[in-house]
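**Student:** Provided below for reference: sequence and predicted model.
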Amino acid sequence: MKISTFSLLMGRACGISALAVAGVVSLVAPLNAQVNTQVNAPLKVKLAPPGDTLPTAGPLAQLSPRIDKRDVAKAMKLVADWQLSRLPAQAQYDWTWAALYAGFMGVPHKVAGDKYQKAMVKIGDELNWQPGPRVMHADDQAIGQTYLELYMIHKDPKMMAAMKARLDEEIATPDPTDPKRPLWWWCDALFMAPPVYADMAKITGDTKYLTFMDHEWDITTNLLYDRDKHLYFRDASYLDKKEKNGEPLFWSRGNGWVMGGTVRVLKMLPADSPLRPKYIALLKEMAAEMLSIQGKDGLWRPGLLDADSYPLPEISGSAFITYALAWGVNEGILDKATYEPAVEKAWAGMLTHIYADGRLGSIQPVGAAPGAFTETTSYVYGVGAYLLAGSEIYRTAK
């Protein structure tokens, strides 16, 4: 059995318990008085369908895969504008839309000015800057990534007050007692909630948010991370499930979302944080595994270790993987000579699934494991992941 760097680093960062931090006073205490007292009341939002499948495919966009700013910007804007024009009349707080909003926030200013950011402010205002109604559910916290990113830009307390109240309430609540159903019991939760805690720690300077985030991340990782394969099982019910070829079942979307969450946590961690080495080691381990199983078309199949069983690549997982690889290269964490060609290959592969009107296809619908979809299937979270990947590729494009 291989002993991974990440495994050796697990648990080194010591912290205090959730109960112990419950009474810690925030460094931004004045904001407490501004917290909406209805923060935990269910939002009256009619959930909109996050995607669809067309019965027939239209013409493809024929975009250039060259890594220069003009071509990357064109490819991002085409998809972003298509999706922006299809936003539902009522703002959504669901995790599916939260991933899209994070992608809109990632689009560089030079690509489209502040058009997408303004749209996200409008959504925040319509939702009264509230998270979803479930206090202990990561899916209902994911929208906090957009709220807090906008707070960092505008410094408007209303943009973060309700989210802070939600996180404080969760920290003060004891951990679940079922070892197979911890707080973040499914691996994609590591994209939903941890970045929100990292953002809040950055904003407030209060390390209790990092302490809690790291504690819960470790619990999920100890349950679901395979330290030989360097991949996460979707949840505990998949620990013994196999692909047709006998390999363990590792879902590309779930693992892509873990990598995306890892990157978004690292972006907020201070340079001298004792937590950084552990998350960097995790990113490196997963990146190396993804490189070894990347498809000839640059993308990843729904089941990562049995590509022959899946005729189509899955874009939402592939895009988050690409985002993480590109960020790692840009930050000097991943070797440029090794990983930059993989990023470029993945970007070129994703462009072949964009239609002339801007629809991004080959995205699996909501699920928990590899499932059915077609070339035209498009879901908002895949678009968000694609925009995040494009944002990192644009950063260092010529």
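**Tutor:** That came through fine. Everything quoted here is computed from the prediction, not taken from an experiment.
**Student:** Sketch out the low-pLDDT regions of this structure for me.
**Tutor:** Counting by pLDDT under 70, the chain contains low-confidence residues at 1-43.
**Student:** I'd like the distance between the nearest residue to residue 65 once chain neighbours are set aside and residue 187.
**Tutor:** Here the nearest residue to residue 65 in space, its sequence neighbours aside, is residue 348; by CB to CB, 6 or more residues apart in numbering that works out to 3.6 Å. No exception for glycine: its C-beta is placed from N, CA and C like everyone else's. Distance check for residue 348 against residue 187: by CB to CB, to the nearest Å, it reads 28 Å.
**Student:** Tell me which of these two has more neighbours.
**Tutor:** Comparing residue 348 with residue 187 by other CB atoms under 10 Å, the one with more neighbours is residue 187, at 26 against 17.
**Student:** Residues in contact with stretch 145-160: which ones?
**Tutor:** 31, 34, 98, 101-102, 104-105, 117, 120-121, 123-124, 129, 163, 195-196, 199-200, 202-203, 264 (CB atoms under 8 Å, 6 or more residues apart in numbering).
**Student:** Just the buried residues of that stretch, please?
**Tutor:** Within stretch 145-160, the residues that count as buried by 16 or more other CB atoms under 10 Å are 145, 146, 147, 148, 149, 150, 151, 157, 158, 159, 160.
**Student:** for stretch 390-398, same thing?
**Tutor:** By neighbour count, and taking 16+ other CB under 10 Å as the criterion, the buried residues in stretch 390-398 are 390, 391, 392, 393, 394, 397.
**Student:** tell me the two of these that are most distant?
**Tutor:** Maximum pairwise distance among the buried residues of stretch 390-398 (CB to CB): 10.7 Å, between 391 and 397.
**Student:** ok, how many other residues are close to residue 177?
**Tutor:** As a burial measure, the neighbour count of residue 177 was computed by other CB under 10 Å and equals 7.
**Student:** brain fart, residue 136
**Tutor:** By the criterion of other CB under 10 Å, residue 136 has 15 neighbours.
**Student:** Am I right that it is in a strand?
**Tutor:** No: using DSSP: H, G, I helix; E, B strand; the rest coil, the assignment for residue 136 is coil, not a strand.
**Student:** can you tell me which residues contact it?
**Tutor:** Listed by CB under 8 Å, 6+ apart, the contact set of residue 136 reads 170, 173, 183.
**Student:** Could you turn the buried ones of the residues you listed into a PyMOL selection?
**Tutor:** The PyMOL command for the buried members of the contacts of residue 136 (criterion: 16+ other CB under 10 Å) is given here:
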select buried, resi 170+183
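**Student:** Of the contacts of residue 136, which is the nearest to residue 296?
**Tutor:** Checking those against residue 296 by CB to CB gives residue 183 as the nearest, at 38.9 Å.
**Student:** quick one, phi psi at that closest one?
**Tutor:** Geometry field for residue 183 lists phi and psi as phi -50, psi -50, criterion degrees, to the nearest 10.
**Student:** I figured it hits residue 219, correct?
**Tutor:** Yes: counting by CB atoms under 8 Å, a contact exists between residue 183 and residue 219, whose distance comes to 7.2 Å.
**Student:** list the residues that contact both of those two?
**Tutor:** Here residue 183 and residue 219 have residue 175 as joint contacts, going by CB under 8 Å, 6+ apart.
**Student:** And the contacts of stretch 182-195?
**Tutor:** Counting by CB under 8 Å, 6+ apart, stretch 182-195 makes contact with 95, 98-99, 136, 138-139, 141-142, 145, 170, 175-176, 213, 216-217, 219-220, 223-224, 232-236, 253-255, 257-258, 260-262, 264-265, 268, 320, 368, all of which sit outside it.
**Student:** what about it, start to end distance?
**Tutor:** Start to finish, the residues bounding stretch 182-195 are 18 Å apart (CA to CA, to the nearest Å).
**Student:** and what of stretch 141-160?
**Tutor:** When the end residues of stretch 141-160 are compared by CA to CA, they are separated by 12 Å.
**Student:** Same question for stretch 99-113.
**Tutor:** 20 Å.
**Student:** I would like the residues contacting it, please.
**Tutor:** 69, 73, 76-77, 80, 83-84, 116-117, 119-120, 123, 142-143, 145-146, 149-150, 191, 380-381, 383-388, 390-391, 394-395.
**Student:** Mind doing that once more with 7 Å?
**Tutor:** In this structure, residues lying in contact with stretch 99-113 by CB atoms under 7 Å, 6 or more residues apart in numbering are 73, 76-77, 80, 83, 116-117, 119-120, 123, 142-143, 145-146, 149, 380-381, 383-388, 391, 394.
**Student:** can you pull out the strands in the protein?
**Tutor:** Taking DSSP state E as the criterion, the chain contains strands spanning 51-52, 225-226, 231-232, 378-379.
**Student:** To residue 62, which of these lies closest?
**Tutor:** Proximity to residue 62 (CB to CB) singles out strand 378-379 among these, at 17.9 Å.
**Student:** which secondary structure elements does that closest one contact?
**Tutor:** Strand 378-379 is packed against strand 51-52, with contacts defined by 3 or more CB pairs under 7 Å, 6 or more residues apart in numbering; DSSP states H and E.
**Student:** Strand partners (parallel or antiparallel) of the strand it packs on?
**Tutor:** Here strand 51-52 has these sheet partners by DSSP bridges: strand 378-379 (antiparallel).
**Student:** how close does residue 234 sit to residue 287?
**Tutor:** For residue 234, the distance to residue 287 (CB to CB) stands at 20 Å.
**Student:** Residue 309 too?
**Tutor:** Residue 309 is 24 Å from residue 287, where distance means CB to CB.
**Student:** Check residue 73 too.
**Tutor:** From residue 73 over to residue 287 the distance is 26 Å, taken as CB to CB.
**Student:** Between the two, point out the one with more neighbours.
**Tutor:** Using other CB under 10 Å, the more surrounded residue of residue 73 and residue 287 is residue 287, with 24 against 18.
**Student:** Looks like the more buried one contacts residue 326 (just checking).
**Tutor:** No: at 10.6 Å, residue 287 does not count as touching residue 326 under the criterion of CB atoms under 7 Å.
**Student:** Touching stretch 45-54 from outside, list them.
**Tutor:** For stretch 45-54, the surrounding residues in contact (CB under 7 Å, 6+ apart) are 88, 90, 92-94, 96-97, 363, 365-366, 374, 376-381.
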